[in-house]
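1. Compute the structure for the input listed below.
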Amino acid sequence: MSNNHDNVVVEIDAKGAERAIRKFKRMCESFGISKEYKNRKEYKKPSIKKKEKLAASKKRNAKAARKNRSGRKI
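-> Here you go, the predicted structure:
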């Protein structure tokens, strides 16, 4: 899988380093770097990944169902 964003580059200008750091963090989030880092931090067996994925799916579906039920009735 190749994409156009191989490296994250943030230039520090006159606005300061703090702003550049915040921009870097936002860019990492948008490219999914921090999520990928968390996933690769430790090895998980495929069966555990499958269980976690299924649990997340159930949680999303329950949230959507609650959202639909609590809507306004006309």
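2. Contact partners for the residue nearest the centre of the chain?
-> Nearest residue to the geometric centre of the chain (C-alpha atoms, centre = their mean): K35, 5.2 Å. Residues counted as contacts of K35 (C-beta atoms under 8 Å, 6 or more residues apart in numbering): none. To be clear about C-beta, it is placed using only N, CA and C from the backbone, and glycine gets the same treatment.
3. quick one: it from C28, how far?
-> Distance, K35 to C28, by C-beta to C-beta, to the nearest Å: 9 Å.
4. With N39 instead?
-> Counting by C-beta to C-beta - N39 and C28 are separated by 14 Å.
5. Have a look at these two and say which one is more surrounded.
-> Set side by side, N39 and C28 show more neighbours around C28, with 16 against 11, by other C-beta atoms under 10 Å.
6. Would you check that my belief about the more buried one contacting S34 is correct?
-> Yes - counting by C-beta atoms under 8 Å, C28 touches S34, with 5.3 Å between them.
7. and for these two, which residues touch both?
-> In contact with both C28 and S34: no residue, using C-beta under 8 Å, 6+ apart.
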